[in-house]
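Student: can't give you the sequence, but here's the structure:
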């Protein structure tokens with residue numbers, strides 16, 4: 001469903017439909033964050049705000065409605081109705097009315113059916129991102145803005161720490177990932193709530209965000225408050241800084257791994273090979289990245305740390321053991337080569353990791 005204004009209609013950038021809240025510190029912080037995120041887009045480009053009606057996305061929509069026209073950009077919104085709660089259609093309609101009142105155009109509602117694979121959170125996330133991608137394609141949007149905040153980033157890092165995840169999870173969410181942008185990763189959730197209040201907007205409160213059945217809710221409502229109380233304020237900011245540093249380190253190691261892989265990987269008819277001596281000469285972090293990169297690039301299989309270490313043992317702890325069987329891939333050592341061969345397999349079910357992204 002779409003609400004469109006004709007090209008050149010001045011109400012698309014100004015007028016009574018676009019309310020101008022007083023410039024409070026919270027409103028100013030939101031606008032600065034959005035302005036920085038949009039700075040590299042070509043004039044005339046369309047940006048879509050992923051709008052749920054909650055305080056984070058509504059504050060983002062308000063700031064985008066103000067900043068985008070001043071950057072020569074068009075701003076719209078896409079609302080995903082997951083249909084998981086009674087009255088979800090009314091919530092989506094209310095979010096559409098708020099977007100239109102802010103002057104956003106076009107405004108789309110994407111109604112989706114959430115499957116059961118991987119748990120409710122993972123299934124909803126898969127359906128949501130598929131809907132956002134459809135909306136971006138159909139409208140020709142240059143960017144889709146997501147309302148994840150610094151608090152979401154801290155929760156993601158803390159959940160990753162609790163699961164013993166590697167840098168791929170601990171680095172949190174990227175500010176820029178393809179068409180997706182997250183302007184608010186440096187903004188606290190309290191600021192988005194205040195910005196909505198300052199703008200006179202009534203955000204929707206998702207009951208799932210208070211349901212302790214979800215690990216992310218328990219981290220938000222129980223774990224982080226305890227850490228703040230026992231260790232002092234600033235825990236969320238420290239976790240977000242950790243994510244920033246790990247993203248930098250991971251990007252550097254990934255870059256080195258890609259360069260080395262170009263030199264080492266030899267492609268064959270049924271797969272590829274890597275030289276054992278060259279793998280052994282690299283430090284573990286790079287060696288394991290080379291293994292994961294080779295499997296992902298050739299077979300489109302993402303390896304867990306446990307699976308990666310099993311393959312690495314063929315290099316560092318070789319005593320004649322047989323092949324390692326991975327989903328869709330067999331890895332075996334022959335003399336001084338690791339051979340990766342495609343095999344038929346049944347995909348493992350996805351795991352619901354409560355990832356906000």
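Tutor: Structure received. All figures in this text were calculated on a predicted structure; none of them were measured in a lab. Numbers count the residues shown, from 1 in each chain.
Student: ok, residue 305 to residue 219 distance?
Tutor: Note on residue 305: its distance to residue 219, by C-beta to C-beta, to the nearest Å, is 22 Å. C-betas here are computed from N, CA, C, even on glycine.
Student: nope, residue 289 is what I was after
Tutor: Distance from residue 289 to residue 219, by C-beta to C-beta: 28 Å.
Student: same check, this time on residue 245
Tutor: Distance check for residue 245 against residue 219: by C-beta to C-beta, it reads 21 Å.
Student: These two: which is more packed in?
Tutor: A count of neighbours by other C-beta atoms under 10 Å puts residue 219 above the other of residue 245 and residue 219, at 21 against 12.
Student: That one belongs to a strand?
Tutor: No - counting by DSSP: H, G, I helix; E, B strand; the rest coil, one finds residue 219 to be helix, located in no strand.
Student: what about the closest residue to it other than its chain neighbours, distance to residue 112?
Tutor: In space, and not counting its chain neighbours, residue 219 is closest to residue 155: 4.9 Å by C-beta to C-beta, 6 or more residues apart in numbering. Distance check for residue 155 against residue 112: by C-beta to C-beta, it reads 24 Å.
Student: These two: who's more crowded?
Tutor: Shown here are residue 155 and residue 112; by other C-beta under 10 Å, residue 155 has more neighbours (26 against 17).
Student: quick one: contacts for that one?
Tutor: By C-beta atoms under 8 Å, 6 or more residues apart in numbering, the contact list for residue 155 reads 216, 219, 220, 224, 356.
Student: Let me know whether the second one touches residue 160 as I believe.
Tutor: No - shown here, residue 219 and residue 160 do not form a contact pair, counting by C-beta atoms under 8 Å, at 10.8 Å.
Student: What is the neighbour count of residue 77?
Tutor: Using other C-beta under 10 Å, the number of residues around residue 77 comes to 30.
Student: my bad, residue 35
Tutor: Look at residue 35: counted by other C-beta under 10 Å, it has 17 neighbours.
Student: Spatially, what comes nearest to it if we skip its sequence neighbours?
Tutor: Setting aside the residues directly before and after it, residue 35 is nearest to residue 67 in space (C-beta to C-beta, 6+ apart), at 4.9 Å.
Student: Now that that neighbour has come up, it's in contact with residue 36, right?
Tutor: No - in this structure residue 67 lies outside contact range of residue 36 using C-beta under 8 Å: 9.5 Å.
Student: More neighbours: those two, which one.
Tutor: residue 67 (23 against 13).
Student: so what pLDDT did residue 125 get?
Tutor: In this model, residue 125 is scored at 85, pLDDT.
Student: Quick check on residue 177: phi, psi?
Tutor: Per-residue torsions, residue 177: phi -150, psi 90 (degrees, to the nearest 10).
Student: For it, which residues count as its bridge partners?
Tutor: On the basis of DSSP bridges, residue 177 is bridged to residue 180.
Student: what helix or strand does residue 156 sit in?
Tutor: Element membership for residue 156, per DSSP states H and E: helix 150-163.
Student: and that helix, what's its mean pLDDT?
Tutor: On average, helix 150-163 scores 91.
Student: same thing with stretch 72-83?
Tutor: Averaged over stretch 72-83, pLDDT sits at 92.
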